[in-house]
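> what's the 3D shape of this:
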Amino acid sequence: METLAEMMARYAGPGRVEAIHLRSARGVDTSPVQSVHLGEAGLAGDHGRKGKRAVTLIQAEHLPVIAALAGREHVDAALLRRNIVVSGLNLSGFRKSRLQIGEAVIELTVPCHPCSRMEQLLGHGGYTAMRGHGGMCAEVVTPGAIQLGDRVIPVDQ
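Numbering: from 1, shown residues only. Just a heads-up that it's a prediction; the model follows:
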């Protein structure tokens, strides 16, 4: 019989970078980019800082769920203020694991909880709609370039 650790280490296939967003300062709207350098302090041009929250990721598959819970037809990922939108890989299942994205390697650290701005941006109930679907924060292990379409692959530590 397989162990829980063995089952948790498996995944159906690689994920994919669907979008990359930068915010030059707190409180400003995000700007989409095609490619960017991911350094120890996060994405070049973003207001991030070194540490366990240097970069934020959100699951593309959660966007329709957030929209439904917020009573909207659609939610643009840029509105949610996360840096990288990933499809095809369950980010929550890889907490405390390392992922290779393009040339860079990150370690998923903690869930990225919604901020109070979600109520303003998504409307009444927006904060609650985001709970449990806010994505993950990550620390940069190996800096490098990332771009749209890059594969997102769990790596051994």
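
> So for A12, what's the pLDDT?
Looking at A12, its pLDDT stands at 79.

> Quick one: residues contacting it.
By C-beta atoms under 8 Å, 6 or more residues apart in numbering, the residues touching A12 are G88. Where you see a C-beta, it was placed from the backbone N, CA and C, and this is true even at glycine.

> Provide the backbone phi and psi angles at it.
phi -70, psi -30 (degrees, to the nearest 10).

> got it, and P111?
Reported as degrees, to the nearest 10, the phi and psi values for P111 are phi -60, psi 150.

> count of residues packed around it?
Neighbours of P111 under the rule other C-beta atoms under 10 Å: 16.

> pull the CA atoms of stretch 55-70 into CSV?
Provided in CSV are the C-alpha atoms of stretch 55-70 (Å, rounded to 0.1, in the frame of the first residue of the first chain):
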residue,chain,number,x,y,z
VAL,A,55,5.6,36.5,-4.6
THR,A,56,1.9,35.5,-4.6
LEU,A,57,0.2,32.9,-6.8
ILE,A,58,-3.4,32.1,-7.4
GLN,A,59,-5.1,29.1,-9.0
ALA,A,60,-6.7,29.9,-12.3
GLU,A,61,-9.4,27.2,-11.7
HIS,A,62,-10.5,29.1,-8.6
LEU,A,63,-11.4,32.3,-10.5
PRO,A,64,-14.9,31.0,-11.6
VAL,A,65,-15.5,29.8,-8.0
ILE,A,66,-14.7,33.3,-6.7
ALA,A,67,-16.9,34.9,-9.3
ALA,A,68,-19.8,32.6,-8.4
LEU,A,69,-19.4,33.2,-4.7
ALA,A,70,-19.2,37.0,-5.2
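
> roughly how far out does the least confident helix or strand in the chain by mean pLDDT sit from the chain middle?
Across the helices and strands of the chain, mean confidence by mean pLDDT, DSSP states H and E is lowest for helix 4-8: a mean of 76. The chain centroid and the centroid of helix 4-8 are separated by 23 Å, computed with C-alpha atoms, centre = their mean, to the nearest Å.

> Stretch 23-39 now?
That offset, for stretch 23-39, works out to 13 Å (C-alpha atoms, centre = their mean).

> rewinding a little: helices or strands up against whichever helix or strand comes after the least confident helix or strand of the chain?
Downstream of helix 4-8, the first helix or strand assigned by DSSP states H and E is strand 15-22. With contacts taken as 3 or more C-beta pairs under 8 Å, 6 or more residues apart in numbering; DSSP states H and E, strand 15-22 sits against strand 31-32, strand 35-39, strand 84-87, strand 144-147, strand 151-155.
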